[in-house]
Each structure stands twice: as C-alpha cells, then as structure tokens.
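>>> Prediction below, plus the sequence it came from.
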Amino acid sequence: MLSIILDIGCGYLIARYVNHIWLALLASLAGGAAIAIGANILIYATASDPSTAEEIMRRIASGVILHPLVILVALLLFRRKRNEASSNQ
C-alpha cells in the first residue's frame, strides 16, 4: 500500500515539474525501480531465511515492472488535468 501511494506521488511530482514527455518517461522508469527496490527492502529488512530472500527478489522483480506502469498512469492523469486547467484560464 505504501508503494502505491509513493507511485502516485511520484507521478504527480513528475507531471508537475517535468515538461518533456521523454524525460517524464525516463523519470517514471527510474522512480518505479527505486520505489520497487526501496520499499521491498525496507519492508522485509529482517529476512534471515533464504526462502524469504527469494520472495523479496521476486517482489522486487515484479515491482520493477509494475511500479513504472502505475507512475505512468498517474503521470498521464495529472498531466491531462494540468493541461485542462491551463486551457480554461
């Protein structure tokens, strides 16, 4: 749950401060990988069992794929909202 909140926050910050779409795409990939690694290592920091270590690595591998997608969706939604607000003014 914490990682999803971090993903949405990262998407909001990228949409607000990065103007070029290619830089936003790279930032979402980097942010998603960082959140996947950071959140899963911090949550399971006390893993002493080898099977738990395998589970951590599996979660990180799936998170590296899924977190950038969530960030991209949040980025597109916030960017659309920002563009609509600027066109109304």
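Received, thanks.

>>> Okay, helices next: where are they in this protein?
2-17, 21-43, 50-88 (DSSP state H).

>>> Just want the angle from the longest one to helix 21-43.
Which is helix 50-88. 140 degrees (axes from the mean of the first three to the mean of the last three CA atoms, to 10 degrees).

>>> average pLDDT across helix 50-88?
Throughout helix 50-88, pLDDT has a mean value of 86.

>>> Okay, buried residues for that helix please.
The neighbour-count check on helix 50-88 (16 or more other CB atoms under 10 Å) flags 56, 59-60, 63-64, 67-68, 70-72, 74-75, 78-79 as buried. Yep, even glycine has a C-beta here, placed from its N, CA and C like the rest.

>>> how much does it deviate in direction from helix 2-17?
30 degrees.

>>> All further residue positions should be reported with the first residue as 48.
That works, and once the first residue is 48, the last one we named lands at helix 97-135.
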